[in-house]
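Trainee: after the sequence you'll find the predicted model.
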Amino acid sequence: FPDIGGGAGYKQSFLCPITRQLMLDPVVAADGITYDRTAITEWFRVHDSSPVTRQRLANKMLTSNVSLRTAIASELGLSL
């Protein structure tokens, strides 16, 4: 994505709960919550828990949230 200026003015569901910035590469963690890949990867370097619930996660697997990525791109007028 191009430089789009943080999170101001975007749908809450488009913002990473860690950074409060527009997600460029949304992924779903074991807690079922979507994060930006860079932010949650950095979080996992130090923690074994969810940054939202603080509960220990069963694993650190991340699954791309393609639907959300497509919705964000559409909102920005981009094609993937």
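Mentor: Yep, it's here. Here the structure is a predicted model, which means the values were calculated and not measured.
Trainee: mind listing the helices for this structure?
Mentor: 37-44, 66-75 (DSSP state H).
Trainee: select, out of these, the one closest to L22.
Mentor: helix 66-75 (6.8 Å; CB to CB). C-beta: built from backbone N, CA, C; applies to glycine.
Trainee: mind saving the C-alpha coords of the closest one as PDB?
Mentor: These are the backbone C-alpha positions of helix 66-75, laid out as PDB (Å, rounded to 0.1, in the frame of the first residue of the first chain):
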ATOM      1  CA  VAL A  66      -7.500 -11.900   2.700                       C
ATOM      2  CA  SER A  67     -11.000 -10.600   2.900                       C
ATOM      3  CA  LEU A  68     -10.000  -7.700   5.100                       C
ATOM      4  CA  ARG A  69      -6.900  -7.000   3.000                       C
ATOM      5  CA  THR A  70      -9.200  -6.800  -0.100                       C
ATOM      6  CA  ALA A  71     -11.700  -4.600   1.800                       C
ATOM      7  CA  ILE A  72      -8.900  -2.200   2.800                       C
ATOM      8  CA  ALA A  73      -7.500  -2.100  -0.700                       C
ATOM      9  CA  SER A  74     -11.000  -1.400  -2.100                       C
ATOM     10  CA  GLU A  75     -11.600   1.400   0.500                       C
END
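Trainee: which of the helices of the chain is buried the deepest?
Mentor: helix 37-44 (a mean of 17; mean count of other CB atoms under 10 Å).
Trainee: dump the helices of the chain to CSV, plus mean pLDDT.
Mentor: Shown next, in CSV, are those (pLDDT from 0 to 100):
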stretch, mean pLDDT
helix 37-44, 98
helix 66-75, 95
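Trainee: nearest to I18, out of those?
Mentor: helix 37-44 (4.1 Å).
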